[in-house]
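[1] how does the following fold in three dimensions:
(one chain, ligands or ions: 2)
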Amino acid sequence: MKPKIFIDGEHGTTGLQIRQRLADRDDLDMLSIPEAERRNPALRQEMLHTADIAILCLPDDAARESVSMLDGNNSTRVIDTSTANRVNPDWAYGFAEMDAGQKTKIAEARFVANPGCYPTGAIGLIRPMRQAGLLPADYPVTVNAVSGYTGGGKQMIAQMENEDAADHIAAPHFLYGLTLGHKHVPELQMHGLLDRRPLFSPSVGRFAQGMIVQVPLHLSDMTGQPTLSDLHGALAAHYAGQDIVEVVPLEKSGKLARIDPTELNDTDRMKLFVFGTEGGGQANLVAVLDNLGKGASGAAVQNMDLMLGKAA
Ligand SMILES: NC(=O)C1=CN([C@@H]2O[C@H](COP(=O)(O)OP(=O)(O)OC[C@H]3O[C@@H](n4cnc5c(N)ncnc54)[C@H](OP(=O)(O)O)[C@@H]3O)[C@@H](O)[C@H]2O)C=CC1
Ligand SMILES: CC(=O)N[C@@H](CCC(=O)OP(=O)(O)O)C(=O)O
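    Numbers count the residues shown, from 1 in each chain. Ligands and ions are numbered 1, 2, ... in the order given. Sure, this is the predicted structure:
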């Protein structure tokens, strides 16, 4: 029998992207609710109970509601793309390349929390530094990022694209999260293995999808005053043996004049770079990914395949 998959929120930005990725799959039995009924709780509950895996592509409160609709059910497995469960110890964190054992944890889990798009980049850069012993846990980490506007879902897409909307945003690029309380900070701190709360400054550009996440570092404040090669070596060792996260060689990144946030659009991969001047005492660690790819829908499909035993 084919596994039954239900995407709760299938008509939203993340849900649609997952549906596109699964459109040609004849190994899955897709359960679906017509768009007009997408908020019908009785239908959602029925689908949630029938599914082998439910992928929640909903705002946090609605995702919590879906999980509570499964009270008393011990069989449906859940992948939640919202922020609701990312620091919940009972849920596996769905970043498969984060640690050597993470794929197995995801594969065996009943509940998987898909990472946020920004934390995928930031944790992808920070955690290997922590685990290699190069970054002290109390280092004052800052994360600066720019995202395409689909990161804000249907509401922000309308604000950016519809000039007649009352809440239209005309800016070509804007900063937000100005109180430094963005919802991604807790998962960034926990899965980045940081004792000190990281300072996170996100922004949005007038492009639909793609993102750049930056973690600038003073090498003299790191353990053992590492070189750029040491940082690169730690990333390369951490991501050896897989093909989703690519660590760009220093010889290659040293020749680049600029970084394009849309470079990996419509892929489910992530690229990591180490920038700086050897001997200059500073480094900028940079991640590029598609917020809708490895940052959301691509990771959800990867996690689903791991849970179904269809991915190595
Ligand atoms: N966009 C991105 O890049 C990323 C998004 N995510 C996360 O994915 C989740 C979905 O986000 P996104 O797809 O961007 O959001 P969208 O707003 O584009 O889509 C959300 C969907 O959920 C539906 N919905 C809202 N409330 C309910 C409810 N109570 N019951 C049933 N359906 C409901 C919406 O319907 P309606 O049209 O009626 O509002 C809409 O179809 C969020 O938690 C988001 O944080 C994670 C990583 C990246
Ligand atoms: C541009 C933009 O608005 N981005 C979203 C984050 C997108 C994402 O990762 O979603 P989660 O809500 O699942 O964490 C934000 O800052 O809230």
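
[2] wait, Leu308 sits on Pro3?
    Yes - contact criterion C-beta atoms under 8 Å: Leu308 and Pro3 qualify, at 5.6 Å. Backbone N, C-alpha and C define where each C-beta goes, glycine included.

[3] and for those two, which residues touch both?
    Ile53 (C-beta atoms under 8 Å, 6 or more residues apart in numbering).

[4] and Gly181, how far from Val87?
    Gly181 sits 15 Å away from Val87 when distances are taken as C-beta to C-beta, to the nearest Å.

[5] the more surrounded of those two?
    The neighbour comparison of Gly181 against Val87 (other C-beta atoms under 10 Å) goes to Val87, with 15 against 8.

[6] enumerate the residues of the stretch 51-200 of the chain near ligand 2.
    81-83, 116-118, 147, 151-152, 156, 184 (C-beta under 6 Å from any ligand atom).

[7] repeat the analysis, applying 5 Å as the threshold.
    83, 116-117, 147, 151-152 (C-beta under 5 Å from any ligand atom).

[8] repeat for the stretch 201-312 of the chain
    Val204.

[9] can you pull out the helices in the stretch 201-312 of the chain?
    228-238, 250-253, 298-307 (DSSP state H, counting those that start in this stretch).

[10] deepest-packed of the ones you listed, please.
    With neighbours taken as mean count of other C-beta atoms under 10 Å, the helices of the stretch 201-312 of the chain reach their highest mean count in helix 298-307, at a mean of 24.

[11] by contact count, what packs against that helix?
    Judged by 3 or more C-beta pairs under 8 Å, 6 or more residues apart in numbering; DSSP states H and E, the packing partners of helix 298-307 are helix 13-22, strand 53-56, strand 77-80, helix 102-108.

[12] quickly check: that helix near ligand 1 or not.
    No - against ligand 1, helix 298-307 shows no contacts by C-beta under 5 Å from any ligand atom, the least distance being 8.3 Å.

[13] make TSV from the helices of the stretch 201-312 of the chain and add mean pLDDT and distance to Gly276 to it.
    Shown next, in TSV, are the helices of the stretch 201-312 of the chain (pLDDT from 0 to 100; distance: least, C-beta to C-beta, whole Å):
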stretch	mean pLDDT	distance to Gly276
helix 228-238	98	5
helix 250-253	98	10
helix 298-307	98	29
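
[14] still on that earlier bit, most neighbours out of the residues of the stretch 51-200 of the chain next to ligand 2, which is it?
    That'd be Cys117 among these, by other C-beta under 10 Å, with 29 neighbours.
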